[in-house]
Structures are given as C-alpha cells and as structure tokens.
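Q: whatever this is, show me its structure:
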Amino acid sequence: MSELPVLISRDEVMRFLQNGDLIPRLEAVLGKFSERNNAEVIQPLRTTIPLQKYNGFLGIMPAYVAHEDILATKMVSFYQRDKDSVLPAHQATVLLFDPERGNVTAVMDGTVITEKRTAAVSAISAKLLMPASAEVLCILGSGPQAVSHYEVFTEMFSFREIRVWSRRRERAEQFASALQGPVTVYSSVKDAVVGADVIITVTMATEPVLLGEWVKPGAHVAAVGACRPNWRELDDALMREAVVYVDSREGAAAESGDIILSGASVFAELGEVINGTKPAEREKTTVFKSLGMGIQDAVSAKLVFDQWKSQQLRTNTKDP
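A: From the prediction side, this is the model:
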C-alpha cells in the first residue's frame, strides 16, 4: 500500500530551492528539451481553463523527465485582478509522483516554485544573451515575480543601476523599499527603460507597455508576462526588430500574444543556445519570451523533495 504524500510548505520550498542548485538543473533540462528527436522529455502544451466569471484561468502543466525519472504536474491559477484587489494574481500547487507506482509522493507549494524557476530561467537567458558590459537593469512590474527576478539577477550579475516602474507608483515604491540595494523608481515606462541594458517585463498587461523605439540597441529583454494568445507586453516594432528566443517554440506559437499578434519569427529556443546548435546573438537586440514549462516545475519539485528527504535523514540520525 502506498504511503501518504508528504506536504511541503511554502517556507520549506523557499528554503530548499536555492539558485545555485536550481540553475544548473534548469539549464540541463532546457538543453535536453531542445535536442532533436528527443523522447526523454515529455511535456504536452499547458491546458488552460478560462474562468470568465472571475476573470481568471486555471492551468494544468504535466511533465515527465525520463532520464531523471521525474513525473510531476503543476496546477496554477492566474487572474486579472482589479488594481485595488488584495487577492493574489497567481497561486500554484505541484504534485510529485512515483513514476513506477503512479502514486503522489509529495504535494508542495507551487507558487514559490513558479516565482523562482521563472526568474532563474530569465537569468539564464541574460547570461547567454545580454550585452557583455551590461550596467543598467530595469524591471517593469512590482509583484512577486519582480522580487524573485531582482533577487536572482543581483545574485548572478553586477549592475551599476537598477530601475523599476509599476502601473501604481506606490507599489513600485513599496517594492523598492523592501530590497537590499538602491533602486530608482520611475513614473513612466519610457524614462525607466531608455538606456537600460537589460529589461525585465513582469506585468499583467494585456496591451503593449514596452515600445521598441525606447529600447537601447543591443539590449536584452526578458518578457515574462502576457501568457495568453491575446495579451501583449511588447509592441510590434520591438518584436520584429529583435532576435527572438523562447523556452518552447510550440508553447510560444500557441500561447504568446507577443509573438502571435506581431507575426515575429522565433530564432531559437533557449535550450538550442545551451546546446550550441543556435548562436547567442549577444551583439543584437534580443528578446527572450518566457511562458514557463512543466519540465521546469518538475526538476524544481524534485530538487525540493530531495532536499526535504536529506533534512529528514539528518534529523532522524540525530535523534537518540
């Protein structure tokens, strides 16, 4: 008879999911995903159920990473909230399975996993694609994804200046005041992004907020919001002039309004750059369109579970 699954809380996921351990695993699975004729990574497109009554969606993201024997699925809800709403825009739960028996081995907070693995993949894109002498980082947005992106980008890179904009200035000021380093809050997107070397868009926008005419030639844009085929963060000029990278070609073709509505062509998956089968056009303006992938959640959840088991083993060993 199968044992009951363990429950791993938000605080535990936050403690066990460290960027130094997570990023190499994400790079490896992205590379494996982008290998031609690869049957070791199985990830169907995200199934999304619209909740029109509440202006929200429920997404289901299963994945199997065969070479590491990881089977997991994430259930994530995301909503277009009113600006004064105190309800979260995103919530998620990840189920980790025993691939042989089919039973659930762990149920864990997926919101932290979503925040941290998304930011880590954006940082991987910057490592590969941003200008070699990048000094100015700009973050558009002030929610949890803005926080996780700030954390990993300042951990991995050194920026002389960090800027932030949000549609509500008070939220941007709260975000900036909670951070460890100096951050400048801007009232307009244009002022925030002009001259920036790296721009991160983590908004809930449905219409473009970032215009190509404002973007410095050679800058790198990590676009994280607009995960629906009719939502946009980036305008046509930017999408058509930049070299566009994605996490999944299939996912981008089905879900990215920035790509679908602009008619922009996808140059490469990030995994292809990792594998060396596509070049990193670092000297050009680049866009990495992130939609999120079940395999990213799967390897993150396995890392959390392995760390949890190690802690339990250490605790039990210490007991008399």
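
Q: quick one, what contacts the closest residue to residue 183 other than its chain neighbours?
A: Once flanking residues are discounted, residue 183 sits nearest to residue 176: 4.1 Å by CB to CB, 6 or more residues apart in numbering. To be clear about C-beta, it is placed using only N, CA and C from the backbone, and glycine gets the same treatment. Listed by CB atoms under 8 Å, 6 or more residues apart in numbering, the contact partners of residue 176 are 164, 183, 184, 185.

Q: just among the residues you listed, which is most surrounded?
A: Highest neighbour count within those: residue 164, with 24 neighbours (other CB atoms under 10 Å).

Q: what about that one, helix or strand, and which?
A: Taking DSSP states H and E as the definition, one finds residue 164 inside strand 161-165.

Q: hang on, the earlier thing: and the contacts of residue 176 as TSV, adding pLDDT and secondary structure?
A: TSV is the format used below for the contacts of residue 176 (pLDDT from 0 to 100; DSSP: H, G, I helix; E, B strand; the rest coil):
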residue	pLDDT	secondary structure
164	97	strand
183	93	coil
184	94	strand
185	96	strand
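
Q: residue 114: which of these is nearest?
A: Nearest to residue 114 among those: residue 164, at 20.6 Å, using CB to CB.

Q: okay but that closest one is in contact with residue 177, surely?
A: No - using CB atoms under 8 Å, residue 164 is not in contact with residue 177, being 10.8 Å away.

Q: what is in contact with these two at once?
A: By CB under 8 Å, 6+ apart, no residue touches both residue 164 and residue 177.

Q: of the contacts of residue 176, closest to residue 221?
A: residue 164 (15.4 Å).

Q: distance of that closest one from residue 213?
A: 21 Å (CB to CB, to the nearest Å).

Q: same check on residue 145?
A: Residue 145 is 25 Å from residue 213, by CB to CB.

Q: how about residue 223?
A: Relative to residue 213, and taking CB to CB, residue 223 is found at 17 Å.

Q: likewise residue 232?
A: Distance from residue 232 to residue 213, by CB to CB: 16 Å.

Q: now do residue 84
A: Residue 84 is 32 Å from residue 213, by CB to CB.

Q: those two - which one has more neighbours?
A: residue 213 (10 against 6).

Q: the protein: helices as residue ranges?
A: 10-16, 19-33, 111-129, 144-156, 169-177, 189-193, 236-241, 249-255, 257-260, 270-275, 294-318 (DSSP state H).

Q: now render those as CSV, adding mean pLDDT and distance to residue 61.
A: Converted to CSV, the helices of the chain look like this (pLDDT from 0 to 100; distance: least, CB to CB, whole Å):
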stretch, mean pLDDT, distance to residue 61
helix 10-16, 97, 17
helix 19-33, 97, 14
helix 111-129, 98, 10
helix 144-156, 96, 17
helix 169-177, 91, 27
helix 189-193, 97, 30
helix 236-241, 96, 25
helix 249-255, 96, 10
helix 257-260, 97, 19
helix 270-275, 98, 17
helix 294-318, 92, 4
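
Q: dump those helices into CSV; add distance to residue 105 as well.
A: Formatted as CSV, those follow (distance: least, CB to CB, whole Å):
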stretch, distance to residue 105
helix 10-16, 15
helix 19-33, 18
helix 111-129, 16
helix 144-156, 26
helix 169-177, 36
helix 189-193, 44
helix 236-241, 41
helix 249-255, 27
helix 257-260, 36
helix 270-275, 27
helix 294-318, 7
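
Q: which ones are touching the spatially most central residue of the chain?
A: Geometric centre of the chain, nearest residue: residue 118, 1.8 Å, by CA atoms, centre = their mean. Residues near residue 118 by CB under 8 Å, 6+ apart: 145, 148, 149, 224, 290, 292, 296.
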